[in-house]
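Engineer: what shape does this take:
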Amino acid sequence: MTTKTKLKPIPNDLADFRNKMGLNQSDFWSRYGVTQSGGSRYEAGRNIPAPLKLLLRLHLNGAISDEALQAARAK
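Structural biologist: The predicted model follows:
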């Protein structure tokens, strides 16, 4: 038997969500490989690419840890 995991959607207001976490744009968006200016555009309403949406959704739901994100970004 398989079970489906329900993931919460990405918050509609990412800037508000980020601010509630106490993070600036650089700190929040760099986790996902996005520049501060790119994150600013997404927060202003620009469409977020599907791979980034997936990464955000998995991370914000706890399916990917901060440590895993950091390790994946390590060179």
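
Engineer: leaving out chain neighbours, which residue sits closest to the spatially most central residue of the chain?
Structural biologist: What sits nearest the mean C-alpha location of the chain, by CA atoms, centre = their mean, is Leu56, with 3.1 Å. Distances taken as CB to CB, 6 or more residues apart in numbering put Ile10 closest to Leu56, at 5.2 Å, once the chain neighbours are dropped. Where you see a C-beta, it was placed from the backbone N, CA and C, and this is true even at glycine.

Engineer: got the buried residues for the helix or strand Ser37 falls within?
Structural biologist: Here Ser37 is covered by helix 36-43, with elements defined by DSSP states H and E. Neighbour counts over helix 36-43 (16 or more other CB atoms under 10 Å) mark Gly38, Gly39, Tyr42, Glu43 as buried.

Engineer: re the thing from before, surely the residue nearest to Leu56 and Leu60 touch.
Structural biologist: Yes: the pair Ile10 / Leu60 is scored as a contact, 6.6 Å apart, by CB atoms under 8 Å.

Engineer: may I have the helix or strand bottoming out on mean pLDDT in the chain as CSV, with CA atoms only?
Structural biologist: Using mean pLDDT, DSSP states H and E, helix 66-73 stands out as the lowest-scoring helix or strand of the chain, at a mean of 92. What follows is helix 66-73, C-alpha atoms only, in CSV (Å, rounded to 0.1, in the frame of the first residue of the first chain):
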residue,chain,number,x,y,z
ASP,A,66,19.0,23.1,5.3
GLU,A,67,22.1,20.8,5.5
ALA,A,68,21.2,19.0,2.4
LEU,A,69,20.7,22.3,0.5
GLN,A,70,24.0,23.5,1.7
ALA,A,71,25.8,20.3,0.8
ALA,A,72,24.2,20.3,-2.7
ARG,A,73,25.5,23.8,-3.3
